[in-house]
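1. Sequence below, structure please.
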Amino acid sequence: MNFLKKATSIFCGLAIVLSLVPLHPLSVQAEMTESVTDRIYGNTQYDTAVEISKKGWDKAHVAVLATGNNFPDALTGTVLAHKVDGPLLLTESDHLNPAVLEELKRLDTQEVYLLGGTVALNSTIEDALKAQGILPRRLAGWDQYGTAAAIASEVTPSSTQAFLVNGEHFADALSISSYAAAKGIPVLLTRSDSLPPETAEALTKMGVQEVTLIGGKAVIKDAVEAQLANLPQPVKISARYAGYDQYETNTTVLNQLPFETSNVYVATGENFPDALAGAALAAKDKAPILLLPHAQLGASTTAYLNQKRASGAAFTIFGGWGIIDYKLESVIRTGVAQPRISLQYTQGGLTGSGGMLSQLQSIPAPATNYADIIAPSWYYLDDTADGNVTGGWDVSPSDYAQFTASVHNRNLKVLPVIQSSWTSSQAADTVLSSPTGRAKLLSQIKDRILSTNADGIVIDFEFMSNPTGPYLTQFMKELYAELHPLNKLVIQAVMARTGSEAWLAEFDYSALSQHVDYLNIMTYDYSHGSPGPIAPIDWMRKVLQYTSGQKVDMQKVLLGLPYYGVDWSTTDSGATYSRRADGMAELLALAKGPVQRDSSQIPYYNYTDASGTHTVYYDDAQSLNAKMELLNQYRLGGVGAWSLKWSLAPASSSAIFPLMKQYLR
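-> Coordinates of the predicted model:
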């Protein structure tokens, strides 16, 4: 019984790695303070604004609408949104975004403020709102300075104080927007070297006596201060919050003003939409918006994050992974950048249209955007059960060297895979239970790594008896101790467990994870005996929940992803399946009827031929995206994907590689 279950669930999948210097996630994690992070995002800036609205408002009889194409007219809209207790939504300039219209219906919105003239939001948007029984009210000036003045006059007809920001630089306005909104203080715009007439008029009309300047003297020059002092009702400068760039100015504002910081909102400082929409939500909580650069954080931003993390603050990120990637989220959460790993398996011969070199070349340039480690299927544990390693790839030593050099030339690492028999447990049981056998196997693995200039090893021993489990753990302990001082990575591929499979007890996740750099859980080949998905998402979640329950450091876990499709053939004698090497387009060409999706978003379809009835399950961009989301939900270390052989078709690669970059980079 054990044999049948194991034999049918075997798959050539496997493990992963990171850099030449292996990481020790457990020891690092024990020393760091980690904060709770949440993320609000959609597929576009318009969708993100809608998701922010859903997070903050169940009902909103009044909302604010701005263009998502350009920032000036919308910069000061947060104060208005807070006053009317509604969200700030974004749309295209020439039409009302359908998702925005649906959100207005959900909120039961009766009135919408449009920020800016008809260039920013044209008249067809007003018509679309009226058609839904929603009253549009436009606040606009000749330019952004006039629009800001109109908004300020609407929100605060009288005010003794105001904030003044440069109307050409959105970051400074976003830094102050949530605080200004929460306090009901107007925000007005200026040019760097002159005070616009509209702003001067608004200051006088509202009775402003003092302003706080946001930005240094390169952003708001002394000439503006002089003009303020010379107004008919002179305006004093109460303070200037500034840094050497927009990020230091941002943290200066956040440090100087009394925000509520139990939750800190985070947005990119490279573009305006997410922070603009998010500021209305932040204002509800009297919370700050921290702006981040695309790459390396400055000292002031790092210090602010460290301080708030240490005080127990939670962080909410505005925008998807293309806006603030996993590395930056890791810095937000822990203070340490922990990039995810992309392990890509190869199989087959060296050359030819489907050979390993072709599979390597199929990765777009630069390859480091999509992959870290290439794991070729090179070796087997010899069935003689004496500890010998045989070459499953029957080529000359020069071919191994050529492949390794080709991988290194693309700035990737090579971790060859060693597998055991898929038909008998005898070899693995015998070798692993013997100290002599383990020592011989370890020596041969080490020799092959050094002779091929490889960067480590992937251990893929899938079929063994349950009593062999402790010996497997002992072997991994011995292997890790031998290879780690050499800066060689050790990855182990393990069968997927939910805790209910007694026949997989030899894979002690908790013990094994102590002696590897990464644990590649092969979450695929789920269905057997009858047509079903390769890797249903609900099952994958159960596997990850079980793994977490075993006290495994989840940043060591690589999620197994299948690139292949499965064609089930059903006849009177039962159902059998074969893996399809076709790309997605080729698989779809077989479909005679509609493609359907099961409850876990996996696509499938049926067709018939002379051999009988067929059901084909595969993955596409939608289902792969849903699976990749598990990386975020469980804070995993990356993916181990089987295999590049099945990604060569353009329809497949065009779906796979963008997702790799999105989620892993």
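
2. Please make it C-alpha for all contacts and neighbour counts, starting now.
-> Noted.

3. Now for Asp172, how many residues are close by?
-> Asp172: 28 surrounding residues under other Cα atoms under 10 Å.

4. no, scratch that, I was asking about Thr199
-> Neighbours of Thr199 under the rule other Cα under 10 Å: 22.

5. excluding its backbone neighbours, what's nearest it?
-> With sequence-adjacent residues excluded and distances taken as Cα to Cα, 6 or more residues apart in numbering, Thr199 is closest to Ala149, at 6.0 Å.

6. does that neighbour sit in a helix or strand, and which one?
-> Of the helices and strands defined by DSSP states H and E, Ala149 is found in helix 144-155.

7. ok, back up a step: separation between the residue nearest to Thr199 and Leu139?
-> Distance check for Ala149 against Leu139: by Cα to Cα, to the nearest Å, it reads 9 Å.

8. okay, the two: which has more neighbours?
-> Neighbours per residue (other Cα under 10 Å) separate Ala149 from Leu139, with Ala149 holding more: 25 against 21.

9. I'd say that one and Glu198 touch.
-> Yes - counting by Cα atoms under 8 Å, Glu198 is a contact partner of Ala149 at 6.4 Å.

10. Check which helices and strands the top strand by length along the chain sits against.
-> Among all segments of the chain classified by DSSP state E, the strand with the greatest residue count is strand 373-381. Contact analysis of strand 373-381 by 3 or more Cα pairs under 8 Å, 6 or more residues apart in numbering; DSSP states H and E lists strand 341-346, strand 389-391, strand 413-414, strand 417-419 as its packing neighbours.

11. how about those in a markdown table, adding distance to Leu432?
-> Converted to a markdown table, those look like this (distance: least, Cα to Cα, whole Å):
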| stretch | distance to Leu432 |
| --- | --- |
| strand 341-346 | 25 |
| strand 389-391 | 13 |
| strand 413-414 | 25 |
| strand 417-419 | 13 |
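
12. between those, which one is nearest to Ser599?
-> Distances from Ser599 to each of the helices and strands packed on strand 373-381 were compared using Cα to Cα; the shortest belongs to strand 341-346, at 27.3 Å.

13. could you check the angle strand 373-381 makes with the closest one?
-> Per axes from the mean of the first three to the mean of the last three Cα atoms, to 10 degrees, the angle that strand 341-346 makes with strand 373-381 is 50 degrees.

14. what packs against strand 341-346?
-> The helices and strands touching strand 341-346, judged by 3+ Cα pairs under 8 Å, 6+ apart, are helix 356-361, strand 373-381, strand 638-642, helix 650-664.

15. Using CSV, write out every CA atom in stretch 317-334.
-> Backbone C-alpha positions of stretch 317-334 (Å, rounded to 0.1, in the frame of the first residue of the first chain) are rendered in CSV as follows:
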residue,chain,number,x,y,z
ILE,A,317,1.5,49.3,2.1
PHE,A,318,-0.4,51.0,-0.7
GLY,A,319,0.3,49.4,-4.1
GLY,A,320,1.2,46.0,-5.6
TRP,A,321,4.4,44.2,-5.9
GLY,A,322,5.5,46.1,-9.0
ILE,A,323,5.3,49.3,-6.9
ILE,A,324,6.8,48.2,-3.6
ASP,A,325,8.5,44.8,-4.1
TYR,A,326,9.1,42.0,-1.7
LYS,A,327,12.6,43.1,-0.9
LEU,A,328,11.3,46.5,0.3
GLU,A,329,8.4,44.9,2.2
SER,A,330,11.0,42.7,3.9
VAL,A,331,12.9,45.8,4.9
ILE,A,332,9.7,47.4,6.2
ARG,A,333,8.7,44.3,8.2
THR,A,334,12.1,43.2,9.5
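
16. Next, the buried residues of it.
-> Neighbour-count burial for stretch 317-334 flags 317-321, 323-334 (criterion: 16 or more other Cα atoms under 10 Å).

17. try stretch 68-79
-> Taking 16+ other Cα under 10 Å as the neighbour-count basis, stretch 68-79 is seen to contain the buried residues Gly68, Asn70, Phe71, Pro72, Asp73, Ala74, Leu75, Thr76, Gly77, Thr78, Val79.

18. If anything else comes up later, I'll come back, but that's it for now.
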